[in-house]
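Colleague: What follows is a predicted structure for the sequence shown.
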Amino acid sequence: MDHALYVAMTGADHIRQAQTVNNANLANLNTTGFRAELAAQTAVPVRGPGWQSRVDAALAPAGFNTAEGALQATGNPLDVAVQGNNWIAVQARDGSEAYTRQGDLSVTANGLLVNAAGHAVLDVSGAPVAIPPYTSITIAADGTVGVVPQGQTPATVANIGRIKVVSATPGQITRGPDSLFHPRQGVELQPVAGDALLTGTLESSNVNVADALVQMISLARQFEMQTKLMHTIDQNEQASSQLLRLNG
């Protein structure tokens, strides 16, 4: 394959991947606690004998946007917003422990405390939080879940357990294909001891819709430039081949 055509093709492919990331961010504009994924392209010189005149393009992992989303007061006792670099521990589909900031919680018919994505919330021991039949429920700032059991007076509050909240820097966790965050290899995250939650409040997605739309237009133009470049290279190759045939 022609080297120039290869460079243009790989550039177009990585722009397409960046478009996928940007589209996913826009799709999660209204997802509670969503952290926008970042995409960055980097130049990779092509090593080899002779003059190193070619540079390839590669999509570099850039992590996620750590800015906190706007807070919205809901008054719902099962809504919690996570403060700082803290994350709620939930059970992933494969049974492993994962982390999220999606704090719009509810109780299933089976008595499990889950978030809007259906992931069971874990307690400090790593077990799913089980809620017995109740009249009212509260979640304290430190994650302690209390209920007034059915048939009991409002003064009778039973502590069910404490939601596991961990502190993690961007370098300690990575987003998985399930949209949950998982600890990097060799990283073990410990529960936060103090207050880490705002109850009756939800954190909005931190996706900036204006920036995402501008990025979408910019990426579309970049992709168009790469495809035009590939077309021009192909035309030049055909012209060169025709000249060689005429000279032959």
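Modeller: Sure thing, it's come through.
Colleague: ends of stretch 94-106, how far apart?
Modeller: 21 Å (Cα to Cα, to the nearest Å).
Colleague: pretty sure Ala62 belongs to a strand, no?
Modeller: Yes - counting by DSSP: H, G, I helix; E, B strand; the rest coil, Ala62 is found in a strand.
Colleague: what sits against it?
Modeller: If a contact means Cβ atoms under 8 Å, 6 or more residues apart in numbering, then Ala62 has 38-40 as its contacts. C-betas here are computed from N, CA, C, even on glycine.
Colleague: now, among these, which is nearest to Arg184?
Modeller: Using Cβ to Cβ, Leu38 comes nearest to Arg184 of the contacts of Ala62, at 16.6 Å.
Colleague: Give the burial count for that closest one, as a bare number.
Modeller: By other Cβ atoms under 10 Å, 17 other residues sit near Leu38.
Colleague: And the pLDDT at it?
Modeller: For Leu38, the model assigns a pLDDT of 89.
Colleague: now Gly48
Modeller: Confidence at Gly48, expressed as pLDDT, is 72.
Colleague: State the distance from it to Tyr6.
Modeller: 13 Å (Cβ to Cβ, to the nearest Å).
Colleague: What residues of stretch 151-171 count as buried?
Modeller: By neighbour count on 16 or more other Cβ atoms under 10 Å, the buried set for stretch 151-171 is 157, 160-166, 168.
Colleague: try stretch 206-214
Modeller: 206-207.
Colleague: Stretch 118-132 too?
Modeller: Quick answer for stretch 118-132 (16+ other Cβ under 10 Å): 119-124, 128-129, 131.
Colleague: can you list the domains in this protein?
Modeller: Following automatic domain parsing, one gets these domains for the chain: 3-66+207-247, 71-203.
Colleague: most tightly surrounded among those?
Modeller: Mean neighbours per residue, mean count of other Cβ atoms under 10 Å, is largest over the domains of the chain for domain 71-203, with a mean of 16.
Colleague: And the contacts of Ala62, which is closest to Leu112?
Modeller: In terms of Cβ to Cβ, no member of the contacts of Ala62 lies closer to Leu112 than Leu38, at 33.1 Å.
Colleague: any idea which element the closest one lies in?
Modeller: When elements are assigned from DSSP states H and E, Leu38 belongs to strand 37-45.
Colleague: Check which helices and strands that strand sits against.
Modeller: helix 3-27, strand 55-64 (3 or more Cβ pairs under 8 Å, 6 or more residues apart in numbering; DSSP states H and E).
Colleague: For the spatially closest residue to Ile139 that is not a sequence neighbour, give me its contacts.
Modeller: Using Cβ to Cβ, 6 or more residues apart in numbering and skipping residues adjacent in sequence, the residue nearest Ile139 is Thr199, 5.1 Å away. Neighbour list for Thr199: 77, 79-80, 138-141 [criterion: Cβ under 8 Å, 6+ apart].
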